[in-house]
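Engineer: Generate coordinates for the sequence data below:
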Amino acid sequence: MVVDTVCTYCGVGCDISFKLDNGQIIKAFAKKEGTVSQGKLCIKGRKGWEYLYSPYRIKKPRIKKSFVEEHIDQFPQHIKRSLNSLTDFDSKFYECSYELAYEISAWKLSQIKEKYSPYAVAGIGGARTSCESSYLFQKFIRKYIGSPHIDNCARVCHSPSLKGMRTTIGEGAATNPFDDIYEAEFLIVIGSNTTEAHPIVANRILDAVRNKAQLAVIDVREIPLSKFAQFHLTIPFEANLLVLNMMARVILEEKLYNEEFIRNRVKGFEEYKKQLLKDPYSDPDLFKKINGYEGLFEKIREVARIYATKKSMILWGLGITEHIDGSYSVMAITHLALLTGNIGKKGAGLMPLRGQNNVQGTCDMGCLPYYDPDYRPPAEIGLMTPDIIDAVLEGKIKAIYNIGEDIAHIHPNQNKIHKALEKLEFLIVNEIFPNEITEYADIIFGVKSAYEKEGVYINAERRLHLSQPVVETDIPDDWEVLKEIAVRMGIQADYRTSEDVWNEVRKEASERFSGATYEKLRQNRITGLQWPVKENDTPILHQGKFRTQDGYGRFSYHQWEKRGMVAELLEKNSFEDFYLTTGRNLIHYNNAAQTKECISLISKINTDTVFVSEKDRERLNNAEKVILKSQYGETDVLPVKYVSWLKKGTLYTTFHFAKSKINYLFGDEADIFVKTARFKSVKVQVIPVH
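Structural biologist: Numbers count the residues shown, from 1 in each chain. Down below sits the predicted model:
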């Protein structure tokens, strides 16, 4: 028997098929006719299903013993009568029935709402679950509880892409399908280690290069794609906006811009041009004065010229967005497309490479404090996750409902977050495995994984896939847990199936999904459909007009601000400390909750490693282990590997394992608009451990 569904990992959203025997998975593979996978899967696709059989799955609700003891006198009689059904799980938690967990959750949420106000409750998460569950989550918080405080993991990844693209072109999503990579003559990959984080997209890039497309890679380090690039630009830390503005200046000064496109489709050009040309930091010759990066001034010019004169695409990842000027850098990327007309057509466009399997869909569903479903303005704007944490510490927020987002590991400023979690009066977590956040939970609901449910997932190219269960389980889905709690709060929530929820989505977010029926999605299970879906789907956006109110694109210039490594190099010609950037490796995924439960994956890599330039080996006395320390915190002892692909003073590490404490190094510095943390640049001391 073969079951077709969608991969549960990154935002590429591969179609994936499973061969089963007697209900057990034998292998995972991709069919050649699959639109996204093209018959190929990365190792996480091929082996990352093994977690389904892990003995550590959360299959029953758990309730903290201290929570029961604290509330035993307050519980209403119908709950007290059921407490004798609790069974010991370990020293901290009882196991209980779903029925009892629903009752206690409903009672405590209602109590907090009445004692304090609906604003004392917040929701965080949802991007690891289906659109149906994400939709119902934001409805649960906004409508059933009455709080505007709903957010998801886009806060730590691509919120700046949404902000930057909506500001300039009216839509914060990829403009083209992945297959348009084959149609491009020139590709720029900036701030994305694509072979590790989005390998099936990287396959297309490599195929396109073999087929004569040119490639430029811009990053703070050399990456595997750099070997295949005609241009590799190793840039200083926090110089993305600097370099992008320089490219725009070359296009303006050499009159390589598309006058007809700008005249017909874009507003604000003259003011943009005036601001850019008077900006002292927009001249590529600045790099002549920056020690170790002198060659960039000519490379920037060459890349800009080719981009402007070819059918070109730009692809980017968190190396762009996880900075204090992430939104401005995304705007600068869109400026390049607006200047040259490289948008709204086949083989030319903009592609933010989303991280989570359904982060695009979760944002589309309105799991953001400043957007309702379909990106409509909400009745009231709520708090973003960093503000929610502050509000907990201030005593304003008393309860958090968390779905599949381990904020006690993957968010910045972990010392602060852990203090906030300890202060909460009530924390509910929906999860499939124990992790850092479940340690703080008062109630944990074991829920279905993506391979056990039916639901819609939307990938980084706006493609909807309808999943179906590969293995059967009687564990509830996230939306079912939310519904059952709501019913016990006296709320009418008449959903029998995920399709019922989706049909409501099609009405509430009709601009994108009105025509995307389950029937149509089942017929296109392997190929998927790209939103907006009405009679047909829409592979390419912005053809003829932009998705702004008046149909025009807009220039919105911002000057790069001198800081960090570049400032030190300009002023002192050197820097003493190290700069650290972080990312994923091919084997693991985010907090490794699923991948560490897969024997085939954890047996290959089971720790985070600090990668150091060979040129720093002597400086560190050939240390094999180090501790990294910033002004906010320090890591555990970490192994070191010396490599040739990093410049002197540059460090790189992954953040997959909580024990490494990588995210203790980062503070509250974040994007000015959307508070996405500056994960890609922190100054650290390196302390050798002998």
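Engineer: use CA for all of it now, contacts and neighbours both
Structural biologist: Will do.
Engineer: residue boundaries of the strands in the stretch 401-550 of the chain?
Structural biologist: Secondary structure of the stretch 401-550 of the chain (DSSP state E, counting those that start in this stretch): strands located at 426-431, 443-446, 455-458, 463-467, 529-530.
Engineer: Of all those, which one comes closest to Lys680?
Structural biologist: strand 455-458 (25.9 Å; CA to CA).
Engineer: Please save the CA atoms from the closest one in PDB.
Structural biologist: The C-alpha atoms that make up strand 455-458 are tabulated as PDB, following Å, rounded to 0.1, in the frame of the first residue of the first chain:
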ATOM      1  CA  GLY A 455      -5.100  19.000   6.700                       C
ATOM      2  CA  VAL A 456      -3.800  21.800   4.400                       C
ATOM      3  CA  TYR A 457      -0.100  22.800   4.500                       C
ATOM      4  CA  ILE A 458       1.200  25.800   2.500                       C
END
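Engineer: between the strands of the stretch 401-550 of the chain, which one is nearest to Tyr119?
Structural biologist: Here strand 426-431 is closest among the strands of the stretch 401-550 of the chain (CA to CA), at 13.8 Å.
Engineer: Quick one: list the elements packing against the closest one.
Structural biologist: strand 399-403, strand 443-446 (3 or more CA pairs under 8 Å, 6 or more residues apart in numbering; DSSP states H and E).
Engineer: Quick one: list the elements packing against the shortest one.
Structural biologist: So that's strand 443-446. strand 62-64, helix 98-115, strand 426-431.
Engineer: which residues touch the closest residue to Lys40 other than its chain neighbours?
Structural biologist: Nearest residue to Lys40, sequence neighbours excluded (CA to CA, 6 or more residues apart in numbering): Ala30, at 5.7 Å. Counting by CA atoms under 8 Å, 6 or more residues apart in numbering, Ala30 makes contact with 15-17, 37-41.
Engineer: Would you mind putting the helices and strands packed on strand 426-431 into TSV with distance to Ala154 alongside?
Structural biologist: Formatted as TSV, those follow (distance: least, CA to CA, whole Å):
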stretch	distance to Ala154
strand 399-403	14
strand 443-446	23
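Engineer: would you turn those strands into CSV with mean pLDDT?
Structural biologist: Formatted as CSV, the helices and strands packed on strand 426-431 follow (pLDDT from 0 to 100):
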stretch, mean pLDDT
strand 399-403, 98
strand 443-446, 98
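Engineer: any idea which of these is most buried?
Structural biologist: Ranked by mean neighbour count, those are led by strand 443-446 with a mean of 27 (mean count of other CA atoms under 10 Å).
Engineer: if we look at it, which residues are touching it?
Structural biologist: Residues contacting strand 443-446 (CA under 8 Å, 6+ apart): 57-64, 98, 101, 105, 427-433, 438, 475-476, 481.
Engineer: Helix or strand next in line after the helix or strand of the chain with the lowest mean pLDDT, which one?
Structural biologist: Within the chain, no helix or strand scores below helix 564-572, which has a mean of 92 by mean pLDDT, DSSP states H and E. Toward the C-terminal end, the helix or strand that comes next after helix 564-572 (DSSP states H and E) is strand 578-583.
Engineer: what lines up beside that next one in the sheet?
Structural biologist: Here strand 578-583 is paired, per DSSP bridges, with strand 650-654 (parallel), strand 682-689 (antiparallel).
Engineer: Which one of the helices and strands packed on strand 426-431 lies nearest to Met489?
Structural biologist: strand 399-403 (15.1 Å).
Engineer: So in that sheet, which strands flank that closest one, and in what orientation?
Structural biologist: By DSSP bridges, strand 399-403 pairs with strand 121-125 (parallel), strand 426-431 (parallel).
Engineer: Starting from the first one, tell me the next helix or strand along the chain.
Structural biologist: Of the helices and strands lying after strand 121-125 in sequence (DSSP H and E), the nearest is helix 131-139.
Engineer: before we move on, the earlier item: which one of the strands paired with strand 578-583 is the most hemmed in?
Structural biologist: strand 650-654 (a mean of 21).
Engineer: follow-up on the earlier one: among the contacts of Ala30, find me the one that's closest to Asp577.
Structural biologist: Leu41 (39.9 Å).
Engineer: Please report how far the closest one lies from Trp107.
Structural biologist: 45 Å (CA to CA, to the nearest Å).
Engineer: who has more neighbours, those two?
Structural biologist: Leu41 (21 against 18; other CA atoms under 10 Å).
Engineer: can you pull up the bridge partners for Gly583?
Structural biologist: Residues in beta-bridge contact with Gly583 (DSSP bridges): Thr654.
Engineer: In the stretch 1-150 of the chain, what residue spans correspond to helices?
Structural biologist: 43-47, 65-71, 77-80, 98-115, 131-139 (DSSP state H, counting those that start in this stretch).
Engineer: Just name the most buried of the strands paired with strand 399-403.
Structural biologist: strand 121-125 comes out most buried of the strands paired with strand 399-403 by mean count of other CA under 10 Å, with a mean of 29.
Engineer: contacts for that one?
Structural biologist: Here strand 121-125 has contacts from 109, 112-113, 137-138, 141, 145, 147-153, 385, 388, 397-405, using CA under 8 Å, 6+ apart.
Engineer: tell me the angle it makes with helix 98-115.
Structural biologist: Strand 121-125 runs at 130 degrees relative to helix 98-115, counting by axes from the mean of the first three to the mean of the last three CA atoms, to 10 degrees.
Engineer: okay, strand 121-125 in PDB with CA atoms only?
Structural biologist: Output of strand 121-125 as PDB, limited to C-alpha atoms (Å, rounded to 0.1, in the frame of the first residue of the first chain):
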ATOM      1  CA  VAL A 121      -4.300  35.200  27.900                       C
ATOM      2  CA  ALA A 122      -2.000  34.800  24.900                       C
ATOM      3  CA  GLY A 123      -1.400  32.200  22.100                       C
ATOM      4  CA  ILE A 124       2.000  31.400  20.600                       C
ATOM      5  CA  GLY A 125       2.700  28.800  17.900                       C
END
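Engineer: List the residues that contact the residue lying closest to His588 once chain neighbours are set aside.
Structural biologist: Once flanking residues are discounted, His588 sits nearest to Thr595: 5.6 Å by CA to CA, 6+ apart. The contact partners of Thr595, by CA under 8 Å, 6+ apart, come to 44, 48, 51, 587-589, 601-602.
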